[in-house]
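# got a structure for you, letters missing:
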DNA sequence: TATAATTTTCAGAAATTACTGAAACTTCAA
DNA sequence: TTGAAGTTTCAGTAATTTCTGAAAATTATA
């Protein structure tokens, strides 16, 4: 397959950025390619278009599948595997959020929990634990948020994102609302 | 300086995670060390405690300063530089968010803007641009959100984080509320 | 200004990570 | 079964990143 210069530069750029997003250059390129492609592609299409080895493509696709960012599909009467990027932009965003949480936050959270179980044995530990507790609490809140976001419908996600300049407003709403809800519930 | 086993394991863990968070192992360890330390440390303290070379510490501290995560300070009558992690957990969280946005989102956003300026020259580009437009819009919203979050006081950030499980509720109510607010404002 | 204390730089070594391509494996159809 | 079409694996190599340590630079003090 041949890409226009414009699209090539996007694909290459995504490769460069790849490392900052947690996968390597070629995986980034492969994903970009799949995202912009109207049709599903075979591993060979990808290897050719990007000029990388067939073996590398196989490994890269495995990685992308582990992120649940690409899906295999098949064409009738053709036994090759065809790959495409999963669903909507929201699906992608959710998956990336989820995977990064798993890789970047969960392990630390679990270590922190362990460390915080021990009683501090001296003033150095005493002080350290205070900081670690703060980090723990923050990460735990972030985790809750991402869980919550996972559950929202695309519609609500959209609303929430567009609401940005209204974070202040959201906070205001919360007071009134939560207040109301709680009063209602406790009645 | 000597760390208890517990703290050592935290520092080492932070090193391992470092790469997932955008800096290398030793930079991660250095930061962890500074975060849990009650007193500011000299570059030599750090090199000794972590068993890494003085030169490496110097480069690492530069990196951490570029993230604005550590500050230099001085002790009267001592010309050594002392380093400490910046302020509160919120300061840290904000800085990390900000830096990651700069490194992970901004460059892509700017490339996307460029690519989207060109009129699609064929149906391949046509389709690609649609997807790119979606990605662009999403990233732009995320950017706005992070800007908004930067401005919030620790108090409000706290409230917002704690709100997580209520996001759904708030969104449901949103229509009524935004309606109400706007009516109020336009009066 | 000289020198001692401290920090930074950077060339090369070490460690890590990514990539290739040929061989092994799997799957399907005849 | 056999073999053709396709995929995966993985040992070895290439590329990249990180780290060291000695030399250069900086800064304060006498």
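That came through fine. Not measured: the values here are computed from a predicted model. Residues are numbered from 1 along each chain as shown, chains lettered A, B, ... in the order given.

# can you check the pLDDT for residue A:105?
Residue-level confidence at residue A:105 comes out at 95, pLDDT.

# who touches the residue nearest to it when sequence neighbours are not counted in this structure?
Across the structure, with C-beta to C-beta, 6 or more residues apart in numbering or on different chains as the measure, the residue nearest residue A:105 apart from its sequence neighbours is residue A:139 (5.4 Å). Quick note: C-beta positions are derived from backbone N, CA and C, even for glycine. Neighbour list for residue A:139: A:105, A:108, A:109, A:112 [criterion: C-beta atoms under 8 Å, 6 or more residues apart in numbering or on different chains].

# for residue A:44, give its distance to DNA strand C.
13 Å (C-beta to the nearest atom of the strand, to the nearest Å).

# buried stuff in the host helix or strand of residue A:108?
Element membership for residue A:108, per DSSP states H and E: helix A:106-117. Within helix A:106-117, the residues scored as buried using 16 or more other C-beta atoms under 10 Å in any protein chain shown are A:108, A:109, A:111, A:112, A:115.

# name the nearest of these relative to DNA strand D.
Looking at the buried residues of helix A:106-117 and their distance to DNA strand D, the nearest is residue A:108, at 18.4 Å (C-beta to the nearest atom of the strand).

# can you tell me the SS state at the closest residue to the closest one other than its chain neighbours?
Nearest-residue entry for residue A:108: residue B:17, 5.8 Å, with adjacent residues in sequence omitted and distances by C-beta to C-beta, 6+ apart. At residue B:17 the chain is in helix, as set by DSSP: H, G, I helix; E, B strand; the rest coil.

# list the contacts of the residue lying closest to residue A:25 once chain neighbours are set aside.
Spatially, and ignoring its direct neighbours in sequence, residue A:25 is nearest to residue A:15 (4.4 Å; C-beta to C-beta, 6+ apart). By C-beta under 8 Å, 6+ apart, the residues touching residue A:15 are A:25, A:26, A:28, A:29, A:32.

# next: residue A:54.
For residue A:54, the contacting residues are A:43, A:44, A:47, taking C-beta under 8 Å, 6+ apart as the criterion.

# give the ChimeraX command for selecting the buried subset of these.
Here the buried members of these are turned into a ChimeraX selection, burial being counted by 16+ other C-beta under 10 Å:
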select /A:43,47
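
# CSV please, covering the contacts of residue A:54 and showing pLDDT.
What follows is the contacts of residue A:54, written out as CSV (pLDDT from 0 to 100):
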residue, pLDDT
A:43, 98
A:44, 98
A:47, 98
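
# so which of the contacts of residue A:54 belong to helices?
When the contacts of residue A:54 are checked against helices (DSSP state H), the matches are A:43, A:44, A:47.

# adding distance to residue B:77, write those residues out as a markdown table.
What follows is the ones in helices among the contacts of residue A:54, written out as a markdown table (distance: C-beta to C-beta, whole Å):
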| residue | distance to residue B:77 |
| --- | --- |
| A:43 | 67 |
| A:44 | 70 |
| A:47 | 65 |
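
# which one of the residues you listed is nearest DNA strand D?
Among the ones in helices among the contacts of residue A:54, residue A:43 lies closest to DNA strand D (C-beta to the nearest atom of the strand), at 4.7 Å.

# tell me the angle of the helix ranked longest in chain A relative to helix A:106-117?
Among the elements of chain A assigned as helix by DSSP H, the one spanning the most residues is helix A:123-151. Using axes from the mean of the first three to the mean of the last three C-alpha atoms, to 10 degrees, one finds that helix A:123-151 and helix A:106-117 are set 140 degrees apart in direction.

# and for the closest residue to DNA strand D within chain A, the neighbour number?
Of all residues in chain A, the one sitting closest to DNA strand D is residue A:55 (2.9 Å; C-beta to the nearest atom of the strand). Using other C-beta atoms under 10 Å in any protein chain shown, residue A:55 has 10 neighbouring residues.

# over to residue A:81?
There are 15 residues near residue A:81, going by other C-beta under 10 Å.

# just residue A:11 next, same as before
22.

# where are the low-confidence patches of chain A?
Along chain A, segments meeting pLDDT under 70 span A:164-166, A:168-187.

# near DNA strand C, which residues of it show up?
Chain A comes close to DNA strand C at residues A:19, A:24-27, A:51-56, A:59-60, A:79, as judged by C-beta under 7 Å from any atom of the strand.

# try 6 Å this time
Counting by C-beta under 6 Å from any atom of the strand, the positions of chain A adjacent to DNA strand C are A:24, A:25, A:26, A:52, A:53, A:54, A:55, A:56, A:79.

# who wins on neighbours among the residues you listed?
Result: residue A:26 is most packed of the residues of chain A next to DNA strand C (other C-beta under 10 Å), 21 neighbours.

# I'd assumed that one was in a strand, is it?
No: going by three-state DSSP, the assignment for residue A:26 is helix, not a strand.

# ok, now which ones touch it?
Residues counted as contacts of residue A:26 (C-beta under 8 Å, 6+ apart) are A:15, A:18, A:50, A:52, A:56, A:57, A:60.

# repeat for residue A:73
By C-beta under 8 Å, 6+ apart, the neighbours of residue A:73 are A:40, A:82, A:83, A:84.

# kindly recompute the last result at 7 Å.
When contacts are counted by C-beta atoms under 7 Å, 6 or more residues apart in numbering or on different chains, residue A:73 touches A:40, A:82, A:84.

# nearest to DNA strand C, of the residues you listed?
Using C-beta to the nearest atom of the strand, residue A:82 is the member of the contacts of residue A:73 that sits closest to DNA strand C, with 14.4 Å.

# wasn't the closest one part of a helix?
No: the assignment for residue A:82, made by three-state DSSP, is strand rather than a helix.
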